[in-house]
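Colleague: I would like the atomic coordinates for the input below:
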Amino acid sequence: MPPPRLNHQNLRNESTAKDKTGTLDIPVKFLDQDYQELRKSCITNKKRFVDDKFLPDSSSIDPKKKLKLDLDQIKWLRPSNIVADPQLIVKEVSRFDYSQGSYLGNCWFLASVGALTFQKDIMDQVMPADQSFGKYYAGIFQFRFWRFGKWIEVVIDDKLPTINGKLIFVHSKTSNEFWPALLEKAYAKVCGSYADMHAGSVSEALLDFTGGVHVYFKLKKTSTDLWSLMDRAAKAKALMGCSTSQGDTSANTVLPNGIVQGHAYTVTEVFEVACQGEPVRLVRVLNPWGKGEWNGAWSDKSSLWNNVSESDQSKCRSLAIDGEFWMSMEDFTENFRAIDICCLSPDFLDSSSKCRWTSTCYYSSWDAGTTAGGRPSNKETFWTNPQFRVRIEELDEECASGQCPENILVSLMQIHENRYRSLVSNYAIGFSVFVIPLEMKDEKFPAKFFYNKRPVEASEKFTQARHVMKFFKLEPGEYLIVPSTFNPNESAKFMLSIFLRSETHRRN
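Modeller: Model prediction:
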């Protein structure tokens, strides 16, 4: 089979008129289960739903017996068998509603949930609002997640794993509130089991909640003004998470300053205060454990709060033991390894109102023997990888002189089809960007084009991850983007998204 031609497909038009399946309006029925039909059947037959695709037994908790759990002790109970007055939501959804369970290392997921609670519109997408334990309760709930370019509808029953009548995984601080446990169960079903949620990256759940634009920065290795970018992201209703480096010993070691090693947190706000006349940029962070806080400068009991205005103290300072704390941007950069930001629109990337961002998405694959050429050093095969042409337009002075010099974001995601998340094997992936000379009009650039030609940009390195991205600047001109696996003949499907900064053209 010959390598595919260069293709151009706009993200907004990726679904044809005949097939809108996979959108929020018409999500894919996960495991072919239709919520409305199943619920109607339960109500008609006066039965409560039992999910035969995610059975209330050990196969849904820990099929490989990796967790330190006595599975024989576990009883699956509906909320009405746990408390007298179960509610999906008590008052309103909040980041303080829940605490992480003791048996499952899914802080990456719960840190993303913390970010999700700030955005009601996105929460309503993930957890449709017309559900309750009220009049038409049938023991069935639905959730929606974005998976590899498509929205899916996930149906679950409300049987939850307990020991001695207590939830063993995520649990609400209000005993009769169950949205966190049901959301976790729905995501566990997508992952294959609860154990399949063990260990992960914040970005994975942030993307699955939004289907949005994702940027990732290593805090000590970027020249980007991150606090300003985070401030714009917060104003744009982005979801943000961060993570700490793994310790030298076991994971989750709590350092003397209160920070947990190898742990994921939620970024809940950024704010600037005046301290003795000097501006201080602060970041507010939440530990998904629901406890355990930073105890350094600008922490809850820090004397530095005495040097700011009463209004700023009233707005920011809290002495509650809830896992949330403030710290300076400098301390944040020093103590955290990376930050992930996910937003529905890419416009937060730039500070100028004169600029906008356009997006294009491609679905393709690396196929062994034809289009899986490996990294650039594989001179004879690299050219066979899928190739994507992009044009960088020259911007007017006002748009080009914004605080953000970067004008392109490239995002590469592997698409997996394995039912069980823990069995997914990510290849080391990356992409390279080459200048296209004006005289070259080729649709598929041959091997000789890449001989002795170095890329002008590339992903930082080939990373064994589901998703890699880079935010950078290119001069006006035409370029070729070549995504690849590290080794030749590694077959996988992928999604390449390209976001470009352009001028805003308003109609008169």
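Colleague: For residue 108, see how far away residue 427 is.
Modeller: Using Cβ to Cβ, to the nearest Å, residue 427 is found at 21 Å from residue 108. C-betas here are computed from N, CA, C, even on glycine.
Colleague: Kindly apply the preceding question to residue 423 instead.
Modeller: 18 Å.
Colleague: Now do the strand or helix carrying residue 114: distance to the chain's middle.
Modeller: When elements are defined using DSSP states H and E, residue 114 is found to belong to helix 107-116. A distance of 9 Å separates the centroid of the chain from that of helix 107-116, by Cα atoms, centre = their mean, to the nearest Å.
Colleague: Rounded mean pLDDT for that helix, please.
Modeller: On average, the pLDDT along helix 107-116 is 95.
Colleague: sorry, back to before: which one of residue 423 and residue 108 is surrounded by more residues?
Modeller: residue 108 (24 against 11; other Cβ atoms under 10 Å).
Colleague: is it true that that one touches residue 199?
Modeller: Yes. Assessed by Cβ atoms under 8 Å, residue 108 is found in contact with residue 199 at 7.4 Å.
Colleague: ok, residue 276 to residue 304 distance?
Modeller: 9 Å.
Colleague: Look at these two and report which has more neighbours.
Modeller: Using other Cβ under 10 Å as the criterion, residue 276 and residue 304 rank with residue 304 on top: 17 against 8.
Colleague: can I get the CA coordinates of the helix holding residue 114 in CSV?
Modeller: The C-alpha atoms that make up helix 107-116 are tabulated as CSV, following Å, rounded to 0.1, in the frame of the first residue of the first chain:
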residue,chain,number,x,y,z
CYS,A,107,-4.8,11.0,42.5
TRP,A,108,-4.3,12.0,38.8
PHE,A,109,-8.0,11.3,38.2
LEU,A,110,-9.2,13.0,41.4
ALA,A,111,-7.0,16.1,40.8
SER,A,112,-8.7,16.5,37.5
VAL,A,113,-12.1,16.1,39.2
GLY,A,114,-11.1,18.9,41.5
ALA,A,115,-10.6,21.1,38.5
LEU,A,116,-13.8,19.9,36.9
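Colleague: so what secondary structure elements neighbour that helix?
Modeller: For helix 107-116, the contact count by 3 or more Cβ pairs under 8 Å, 6 or more residues apart in numbering; DSSP states H and E identifies helix 120-126, helix 179-191, helix 202-210, strand 239-243, strand 264-275 as packing neighbours.
Colleague: Need the residues that contact it.
Modeller: The contact list for helix 107-116 (Cβ atoms under 8 Å, 6 or more residues apart in numbering) reads 95, 98, 100, 122-123, 126, 170, 180, 183-184, 187, 197, 199-202, 204-206, 209, 239-243, 263-268, 286, 288-289.
Colleague: tell me the angle of it relative to helix 179-191?
Modeller: Comparing the axes of helix 107-116 and helix 179-191 via axes from the mean of the first three to the mean of the last three Cα atoms, to 10 degrees yields an angle of 130 degrees.
Colleague: Next, the angle strand 264-275 makes with helix 107-116.
Modeller: Using the same axes, to 10 degrees, the direction of helix 107-116 lies 50 degrees away from that of strand 264-275.
Colleague: Now do helix 107-116 against strand 239-243, angle only.
Modeller: Using the same axes, to 10 degrees: helix 107-116 against strand 239-243 is 150 degrees.
Colleague: Tell me which residues touch the most centrally placed residue in the chain, please.
Modeller: Per Cα atoms, centre = their mean, the C-alpha nearest to the average position across the chain is that of residue 206, at 2.3 Å. By Cβ under 8 Å, 6+ apart, the residues touching residue 206 are 112, 115, 212, 214, 239, 241, 340, 342.
Colleague: partner residues bridging the fifth one?
Modeller: Yep, that's residue 239 we're talking about. residue 342 (DSSP bridges).
Colleague: Count the neighbours of it for me.
Modeller: 31.
Colleague: How about the contacts made by it?
Modeller: Contacts of residue 239 (Cβ under 8 Å, 6+ apart): 112, 115-116, 118-119, 122, 206, 209-210, 212, 341-343.
Colleague: Below-threshold pLDDT in the stretch 1-150 of the chain: ranges please.
Modeller: In the predicted model of the stretch 1-150 of the chain, residues 1-19 satisfy pLDDT under 70.
Colleague: Next, give phi and psi for residue 247.
Modeller: Torsion angles at residue 247 (phi, psi; degrees, to the nearest 10) stand at phi -80, psi 170.
Colleague: if I pick it, what's in contact with it?
Modeller: Per Cβ under 8 Å, 6+ apart, neighbours of residue 247: 253, 261, 262.
Colleague: any idea how far the residue nearest to residue 86 when sequence neighbours are not counted lies from residue 348?
Modeller: Setting aside the residues directly before and after it, residue 86 is nearest to residue 79 in space (Cβ to Cβ, 6 or more residues apart in numbering), at 3.4 Å. Residue 79 sits at a distance of 38 Å from residue 348 (criterion: Cβ to Cβ).
Colleague: buried sites along the helix holding residue 114?
Modeller: For helix 107-116, burial by neighbour count (16 or more other Cβ atoms under 10 Å) applies to 107, 108, 109, 110, 111, 112, 113, 114, 115, 116.
Colleague: any idea how far residue 304 is from the last one?
Modeller: Read that as residue 116. The gap separating residue 116 from residue 304 is 31 Å, by Cβ to Cβ.
Colleague: Then the fourth one?
Modeller: Plainly put, residue 110 is 29 Å away from residue 304 if you go by Cβ to Cβ.
Colleague: got the phi/psi numbers for the residue nearest to residue 86?
Modeller: The phi/psi pair for residue 79 (degrees, to the nearest 10) reads phi -50, psi -30.
Colleague: one step back: for residue 375, state which of the contacts of residue 247 is nearest.
Modeller: The closest of the contacts of residue 247 to residue 375 turns out to be residue 262 (Cβ to Cβ; 29.3 Å).
Colleague: who are the neighbours in contact with that closest one?
Modeller: 244, 245, 246, 247, 251, 252, 253.
Colleague: Next, the angle from the helix holding residue 114 to helix 202-210.
Modeller: Going by the same axes, to 10 degrees, helix 107-116 makes 50 degrees with helix 202-210.
Colleague: Could you find the closest non-adjacent residue to the residue nearest to the centre of the chain?
Modeller: The shortest distance from residue 206 to any non-neighbouring residue, by Cβ to Cβ, 6+ apart, is to residue 342 (3.8 Å).
Colleague: Residue 484 too?
Modeller: The shortest distance from residue 484 to any non-neighbouring residue, by Cβ to Cβ, 6+ apart, is to residue 385 (4.6 Å).
Colleague: quick one, phi/psi of the closest residue to residue 28 other than its chain neighbours?
Modeller: Nearest residue to residue 28 in three dimensions, chain neighbours excluded: residue 152, at 4.6 Å (Cβ to Cβ, 6+ apart). Backbone dihedrals for residue 152, given as degrees, to the nearest 10, come out at phi -120, psi 150.
Colleague: Now do the same contact list for residue 152.
Modeller: Residues near residue 152 by Cβ under 8 Å, 6+ apart: 22, 27, 28, 29, 30, 144, 145, 146, 190.
Colleague: for residue 320, same thing?
Modeller: residue 300.
Colleague: Quick check: it is in a strand.
Modeller: No. Applying DSSP: H, G, I helix; E, B strand; the rest coil, one finds residue 320 to be coil, outside a strand.
Colleague: how close does it sit to residue 286?
Modeller: For residue 320 relative to residue 286 (Cβ to Cβ), the value is 12 Å.
Colleague: for residue 145, same thing?
Modeller: On the measure of Cβ to Cβ, residue 145 and residue 286 end up 22 Å apart.
Colleague: Over to residue 314?
Modeller: Per Cβ to Cβ, residue 314 is found 20 Å from residue 286.
Colleague: So which of these two has more stuff around it?
Modeller: Neighbours per residue, other Cβ under 10 Å: of residue 314 and residue 286, the larger number sits with residue 286, 25 against 8.
Colleague: Show me what the more buried one is bridged to.
Modeller: Note on residue 286: beta-bridge partners residue 266, residue 324, judged by DSSP bridges.
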